[in-house]
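> here is a sequence with its predicted model. Questions after.
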Amino acid sequence: KNEVEQSPQNLTAQEGEFITINCSYSVGISALHWLQQHPGGGIVSLFMLSSGKKKHGRLIATINIQEKHSSLHITASHPRDSAVYICAVSPLYGGSQGNLIFGKGTKLSVKP
Amino acid sequence: DSGVTQTPKHLITATGQRVTLRCSPRSGDLSVYWYQQSLDQGLQFLIQYYNGEERAKGNILERFSAQQFPDLHSELNLSSLELGDSALYFCASSQAPEVTDTQYFGPGTRLTVL
């Protein structure tokens, strides 16, 4: 079982829809990251969370440390939001001194 | 543009060969991370350097090595290449050594081993 699980794997939405991508993890963490990977391959860091909620434009990220779960929401989705969204955690314990463990990603396609 | 540069963009080589991937971090960033992204494994952390010293090691094969130079650029050396080493290799940089600091990713180097 992967330490970081994302759902859904693939998501197709119509422009304007509200989108939710989920991330569950099984290890204790010091932080959780949401990344966006564009079709060309480039990766951008969207959020880093250790508690609560963060908002940037139309993107909202929440985390529930007790439930080991995070969600990424996109409001009023747009075709330019089409990308792969990757959840990554920094584990408190174990090898690699806390370096990131990644989910497999959620591929989002927003149709006009 | 993240400010992190990687060269080359693409690299095609044969099995058994050795290649060097280069990364220049954002101005002021002391920490450099290397990641491998393959189709079957997804993104995996390979190694981290901070101010010239190795700080953390992940799933890096013995055939792979890295270093960070005094000017803070980093190189990832891959030797005795196998077909399975074909992947996208990203480097990322951050100011602080802690992984709770935001990382800025380079555009990646796509390695194809034939």
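That came through, no problem.

> thought B:Gln68 was touching B:Ser93?
No: checked against CB atoms under 8 Å, the pair B:Gln68 and B:Ser93 is beyond contact range at 10.3 Å. For every residue, glycine as well, the C-beta is placed using N, CA and C.

> can you list the residues of chain A near chain B?
For chain A, the residues in contact with chain B (CB under 8 Å from any CB of the partner chain) are A:30-31, A:33, A:35, A:41-45, A:48, A:50, A:86, A:88, A:90, A:95-105.

> what about 10 Å?
Neighbours of chain B within chain A, by CB under 10 Å from any CB of the partner chain: A:2, A:4, A:6, A:29-33, A:35, A:37, A:40-48, A:50, A:84, A:86, A:88-91, A:95-105.

> any of these buried? List them.
Buried residues within the residues of chain A next to chain B, counting neighbours by 16 or more other CB atoms under 10 Å in any protein chain shown: A:4, A:6, A:29, A:31-33, A:35, A:37, A:42-43, A:45-48, A:84, A:86, A:88-91, A:96-105.

> if I look at A:His69, how far off is A:Asn22?
Distance, A:His69 to A:Asn22, by CB to CB, to the nearest Å: 7 Å.

> give the residues shared as contacts by these two.
Jointly contacting A:His69 and A:Asn22 under the rule CB atoms under 10 Å, 6 or more residues apart in numbering or on different chains are A:Glu5.

> pick out whichever of B:Gln68 and B:Ser93 has more residues nearby.
For the pair B:Gln68 and B:Ser93, the greater number of neighbours falls to B:Ser93 (26 against 23), based on other CB atoms under 10 Å in any protein chain shown.

> residues in contact with the nearest residue to the more buried one once chain neighbours are set aside?
Among residues not flanking B:Ser93 along the chain, B:Pro25 sits closest, at 3.3 Å (CB to CB, 6 or more residues apart in numbering or on different chains). By CB under 10 Å, 6+ apart, the residues touching B:Pro25 are B:2-5, B:31-33, B:49, B:68, B:71-74, B:91-95, B:104, B:106.

> what of B:Asn77?
Applying CB under 10 Å, 6+ apart to B:Asn77 gives the contacts B:Arg18, B:Val19, B:Thr20, B:Leu21, B:Arg63, B:Phe64, B:Ser65, B:Ala66, B:Gln67.

> go with 8 Å
Contact partners of B:Asn77, counting by CB atoms under 8 Å, 6 or more residues apart in numbering or on different chains, are B:Arg18, B:Val19, B:Thr20, B:Leu21, B:Phe64, B:Ser65, B:Ala66.

> same thing with B:Ser93?
Contacts for B:Ser93 were tallied using CB under 8 Å, 6+ apart; they are B:Val4, B:Cys23, B:Pro25, B:Arg26, B:Asp29, B:Ser31, B:Val32, B:Tyr33, B:Gln103, B:Tyr104, B:Gly106.

> among those, which one has the most neighbours?
Top of the contacts of B:Ser93 by neighbour number is B:Val32, holding 31 neighbours under the definition other CB under 10 Å.

> so what's the residue count around A:Pro39?
By other CB under 10 Å, neighbour count at A:Pro39 equals 10.

> three-state assignment of it?
With DSSP: H, G, I helix; E, B strand; the rest coil as the basis, the three-state label of A:Pro39 is coil.

> how about it, phi and psi?
Main-chain torsions, A:Pro39, degrees, to the nearest 10: phi -50, psi -30.

> pretty sure it contacts A:Asp81?
No: here A:Pro39 lies out of contact with A:Asp81, judged by CB under 8 Å, at a distance of 11.6 Å.

> centre of the chain to the host helix or strand of B:Ser65, how far?
Using DSSP states H and E, B:Ser65 maps to strand B:64-68. Between the centre of strand B:64-68 and the centre of its host chain there is 8 Å, according to CA atoms, centre = their mean, to the nearest Å.

> sounds good, over and out.
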